[in-house]
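Peer 1: mind folding the following:
(chains A and B)
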Amino acid sequence: MVGSRITDAALRPARASWAFALRTERDTRRRVIDGGGRVTLVCVDTALGSPYAHQAVTRIVDSALAEHVVARALDRLDEEHAAQQVADRLLAGGVVERLAERVLEGPELERIVEQALASPGAARMIARVVESDVVETATMGLVEDIVGRLRESRALWTLIDDIAQSPAVLDAIAQQSAGLADQVGDELRERSRNADERLERAAWRLFHRRPAGEGAPSTTGTA
Amino acid sequence: MNVPPEPGPPVPSYAGLATRTLAFAVDALVINLVAWLVGAIVALGLSLLTVPDGVRTIIAAVAAGVALLWTAAYFVFFWSGNGQTPGNRLLGITVREARSGEPLRVRRAALRMLALPLSALPLCAGFLTILVDGRRRALHDRIARTVVVYVPARAPAPPRRTPVVAHETHAKV
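Peer 2: Below you'll find the predicted structure:
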């Protein structure tokens, strides 16, 4: 008992030293990794920002090897129906629904659409689409189809009959016709009465008598 | 006590020569149109038949008589109605009894019709008295004791309003 205590007391500094060494090693390793990572990132950024990187990428992309690699990758994807599998997994997992819901509910889509519609390029594109022969042909076909269906529609003719026979329409037509006839009649009456007066004055002058209303027998009186 | 005078009947305004001539022209147009239409139909029917010349002459005489009768009936009918032939109605004049101002009775209308040729025979001199007579009467007016007056202008009728029920009915349709 006493012996074990003595041993424990004797080993305590050794344990502390061992723990300190471990901690120091861990800290050093972490600092080395962080520093190395930062340096690596700086190097990568520098490399990517340099014109050599651009040339290198361009060469790789333009090379026959890249084309061959891409073609093989696409062939393999096609053979293994990878795209189909990915799509099936996305659909089965409900990712597509959530994505669509998020896009539709979020403000991003509205903002994107507004920006797209406000841009002059969109206006030009829409104008070209509207003026294109395809749209004109489709529109004319649609209109002709609608007109044809409307002509064959019994409900439409019933509606037209109802409107044509409605009291409001009949009243409007009758009032317009009567208004025109009344206007012509009024004009004719006014002119003929003026002609009456002129003829009568001329006759009175011819017979050296005074016209009606100036001492001569009046043309108005009790019938 | 001073009693305010009661408003009397409206003073008529007698129709002049130009208005009456225009009205007569319209009536003559109507009469002749009908006569020509009937004559054309009869002539078309007769053209299908073989009619001797003597019969044709008789038919022409009868047609002339019918035309005269039609003309007289036209005027008598309208004068004894409300005093307005279609021409009178267009020009806004009406024939009235000189004393009462009432529309003519059939006998007076017939008398006026019979006297009408008397105004026309002496180179229409009977009509020219309209220009100098105080009540603008022609010779046949004097004989039949009638006058021709302007019809007072009517106030324009207010526009009719369609009942709301009608709209609702159509809306339900």
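
Peer 1: leaving out chain neighbours, which residue sits closest to residue 90?
Peer 2: Assuming you mean chain A. A:Val96 (5.2 Å; CB to CB, 6 or more residues apart in numbering or on different chains). All C-beta atoms are positioned from the backbone trio N, CA, C, and that covers glycine.

Peer 1: not quite, I wanted chain B
Peer 2: In space, B:Leu90 is closest to B:Val26, 5.6 Å off (CB to CB, 6+ apart).

Peer 1: mind listing what's buried in the helix or strand that neighbour falls within?
Peer 2: Using DSSP states H and E, B:Val26 sits in helix B:17-47. Buried residues in helix B:17-47, counted by 16 or more other CB atoms under 10 Å in any protein chain shown: B:17-24, B:26-27, B:31, B:35.

Peer 1: past that helix, which element shows up next along the chain?
Peer 2: Following helix B:17-47 toward the C-terminus (DSSP H and E): helix B:53-79.

Peer 1: next, the buried residues of the next helix-or-strand element following that next one.
Peer 2: Moving toward the C-terminus from helix B:53-79, the next helix or strand (DSSP H and E) is helix B:86-91. Buried residues in helix B:86-91, counting neighbours by 16+ other CB under 10 Å, are found at B:87-91.

Peer 1: give me the pLDDT for the most centrally placed residue in chain B.
Peer 2: The centroid of chain B falls nearest to B:Thr85 when counting by CA atoms, centre = their mean (2.5 Å). At B:Thr85, the pLDDT value in this model is 95.

Peer 1: hang on, the earlier thing: ok, the buried residues of helix B:17-47 vs A:Ala47, which is closest?
Peer 2: B:Val26 (107.4 Å; CB to CB).

Peer 1: before we move on, which element is A:Gly141 in?
Peer 2: Per DSSP H and E: A:Gly141 is located in helix A:133-152.

Peer 1: so what's the residue nearest to the centre of chain B up against?
Peer 2: B:23, B:27, B:74-75, B:78-79 (CB atoms under 8 Å, 6 or more residues apart in numbering or on different chains).

Peer 1: low pLDDT regions in chain A?
Peer 2: Low-confidence segments of chain A (pLDDT under 70): A:209-223.

Peer 1: outline the domain layout of it.
Peer 2: Domain assignment for chain A by automatic domain parsing gives A:116-152, A:155-211.

Peer 1: so which of those domains gets nearest chain B?
Peer 2: With CB to the nearest CB as the measure, domain A:155-211 is the member of those nearest chain B (2.5 Å).

Peer 1: give me the spatial nearest neighbour of B:Asp27, chain neighbours excluded.
Peer 2: Closest to B:Asp27 by CB to CB, 6+ apart is B:Gly87, at 3.9 Å.

Peer 1: wait, doesn't the one you found sit right on B:Thr19?
Peer 2: No - between B:Gly87 and B:Thr19 there is no contact under CB atoms under 8 Å: 9.9 Å.

Peer 1: who touches both of those two?
Peer 2: With CB under 8 Å, 6+ apart, B:Gly87 and B:Thr19 have no common neighbours.

Peer 1: which residues touch the strand or helix carrying A:Arg76?
Peer 2: Using DSSP H and E, A:Arg76 maps to helix A:64-79. With contact meaning CB under 8 Å, 6+ apart, helix A:64-79 is reached by A:60, A:82-83.

Peer 1: the same query, at a cut-off of 10 Å, please.
Peer 2: A:57, A:59-61, A:63, A:82-86 (CB atoms under 10 Å, 6 or more residues apart in numbering or on different chains).

Peer 1: which of the residues you listed fall in helices?
Peer 2: A:57, A:59-61, A:82-86 (DSSP state H).

Peer 1: out of those residues, which is nearest to A:Val134?
Peer 2: A:Ala83 (30.0 Å).

Peer 1: what sits against the closest one?
Peer 2: When contacts are taken as CB under 10 Å, 6+ apart, A:Ala83 is in contact with A:74, A:77.

Peer 1: same thing with the one 4 residues further on?
Peer 2: When the contact criterion is CB under 10 Å, 6+ apart, the partners of A:Ala87 are A:81, A:96.
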